[in-house]
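Turn this into a structure:
(2 chains)
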Amino acid sequence: MSRSREELADLVRRGYRFAYSLTHESARADDLVQDAWLAILRARGPWTIEYLIVAIRNRFVDQCRREGLVRFSPLQSEDGQVPDDAGTASAMDAMVAAEAEDSSGSDDSWIDVEMLEPALATLRAEERAVLYLAVVEERSASAIGELLGWPRGTVLSLIHRARGKLRASLRCEPGART
Amino acid sequence: MRAGSADVIRKRLEEKLAEYYGQKSPPQSSVERLVRDACDAGATAPGHGSPSRAASARFGVVGLVAAFALLAALPAYYMGVRAGRDGAASASALPPAKPATGSAPAAPPTLKPRLVLARIHADWCPRSPTIAPLFQELLDRYGNDAVMVVTLDITSPQTRRQAMLLADSLGIVGQIGIAYDGDMVKLEPGMIRLIDRDKHDVMATLRSVDERPDFERTLALALPSQSDSDMR
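Reported below is the predicted structural model:
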């Protein structure tokens, strides 16, 4: 019994972190988790993190629609091309090469947890969400795509863009360049 | 060399991100309340911990029936009669993710049971502790598919808000209060109510042990009609 309660508590915390990655606000994240939890209660759905994540994400999309906010822009890269599975490997090679080029001559001393808060705020919700799922939940791009209903190439593109924006934001922090 | 440097930075960034999100946690009171709601709704039943003896027996019977059904279905399966099977399998995995743009969201799934046993609880209420064992007995006896059993905790403004959200989602806001003051629903802790969600009707209220026989009689009378409607 106690083990089961612990699992449920862990589920709530993981759901909250995903909700926070979407909203970047603790109060809204809390509300999202409550709503999603109630939806699972009503549906008597499975008490799994995958189900909770999809429920939270669906409620977030609903909220954005209600508020008239267009948080989820069309899924295409900055050059207007919609990425797909074809050519993903070459795209990944290009991403790694670009990252290597960007980071040449720099060190990692500028990365600090406190600085992540404003840096993450510059990201779009879906960028933060895929970054969270990839980095913290350690899910593959295919798994994230299946979860959120996006092609794998789109997920890879979002992760890449999120990383790039994050790096750029962190470098722009006052006093970060030492 | 450069690629190696990029990998180091990426790894460090990911470590910091994991550390950052690791620090984010919901209020402990929220976690406890959600876990309690899930337990009340049966999330600790099979597959989520140690099921109660009654639940074990129930699932034992269900398992037996399922085994017979499987045995009966095997010949048909091997003869190639598989209509609808693939669709059912794929539908059970995850709810469909909503598209980011497009049509309006689909209607939420509806709760099947019409009958709701709602306990109004508050830590500061002297009557709530006396009602708790009665509620637990009702939960053990009637907490099946025909009745939904919920606890509405109104100890603090925050828990009250969550209780109202839960009641709203179940469509029983009008039946849990004792009076209305404008938009405010006045709630009385230390009582259990039997509510018919379809008729928006309070069928019985239990405030003390003395009222239990009448309450259970009403509940027992309501149950057959509930199962009939489910079968229809």
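
Mind picking out the helix or strand in the chain with the poorest mean pLDDT?
If you meant another chain, say so; for now it's chain A. helix A:88-102 (a mean of 47; mean pLDDT, DSSP states H and E).

please go with chain B instead
Per mean pLDDT, DSSP H and E, helix B:85-91 ranks last in chain B, at a mean of 39.

need the next SSE after that one, C-terminal direction.
strand B:115-121 (DSSP states H and E).

quick one: that next one near chain A?
No: if you take C-beta under 8 Å from any C-beta of the partner chain as the test, strand B:115-121 misses chain A, and the best it gets is 11.7 Å. Glycine gets a C-beta too; all of them are placed from N, C-alpha and C.

Sheet partners, orientation included, of that strand?
Strand B:115-121 pairs in its sheet with strand B:147-153 (parallel), strand B:191-196 (antiparallel), by DSSP bridges.

Run through who's touching it.
Outside strand B:115-121, the residues that touch it by C-beta atoms under 8 Å, 6 or more residues apart in numbering or on different chains are B:128, B:131-132, B:135, B:138-139, B:142-143, B:146-155, B:167, B:170, B:172, B:175-176, B:187-197, B:203, B:219, B:222-223, B:226.

in that strand, what counts as buried?
B:115-121 (16 or more other C-beta atoms under 10 Å in any protein chain shown).

Stretch A:120-139 now?
Buried, per 16+ other C-beta under 10 Å, within stretch A:120-139: A:120, A:123, A:125-137, A:139.

First-to-last residue distance for it?
20 Å (C-alpha to C-alpha, to the nearest Å).

What lies in contact with that stretch?
A:14, A:17-18, A:21-24, A:49, A:53, A:57, A:60, A:71-73, A:140-141, A:143-144, A:147-148, A:155, A:158-159, A:161-163, A:165-166, A:169, B:14, B:17-18, B:20-22, B:100.

separation between the residue nearest to residue A:39 when sequence neighbours are not counted and residue A:170?
Distances taken as C-beta to C-beta, 6 or more residues apart in numbering or on different chains place residue A:55 nearest to residue A:39, at 5.1 Å, with adjacent residues excluded. As judged by C-beta to C-beta, to the nearest Å, residue A:55 and residue A:170 stand 32 Å apart.

With residue A:114 instead?
11 Å.

So if I had to pick from these two, which one is more boxed in?
For residue A:114 versus residue A:170, the count of surrounding residues by other C-beta atoms under 10 Å in any protein chain shown is larger for residue A:170: 19 against 9.

Is there proximity between the helix or strand hosting that one and chain B?
Assigned by DSSP H and E, residue A:170 belongs to helix A:152-172. Yes: shown here: helix A:152-172 in contact with chain B (C-beta under 8 Å from any C-beta) through A:163, A:166-167.

which among these gets closest to residue B:31?
residue A:166 (28.9 Å; C-beta to C-beta).

ok, the closest residue to chain B within chain A - how many residues close by?
Using C-beta to the nearest C-beta, the single residue of chain A nearest to chain B is residue A:4, 2.6 Å away. By the criterion of other C-beta under 10 Å, residue A:4 has 20 neighbours.

now do residue B:135
20.

for residue A:171, same thing?
Counted with other C-beta under 10 Å, residue A:171 comes out at 13.

Then residue B:157?
So residue B:157, with other C-beta under 10 Å, has 8 neighbours.

What are the phi and psi values at it?
In terms of degrees, to the nearest 10, the main-chain angles of residue B:157 are phi -60, psi -40.

How about residue B:26?
For residue B:26, the backbone dihedrals (degrees, to the nearest 10) come out as phi -70, psi 160.

check contacts around the closest residue in space to it that isn't next to it in sequence.
Ranked by C-beta to C-beta, 6+ apart and with sequence neighbours excluded, the top spatial neighbour of residue B:26 is residue A:16, at 4.2 Å. Counting by C-beta under 8 Å, 6+ apart, residue A:16 makes contact with A:29-30, A:33, B:24-26.
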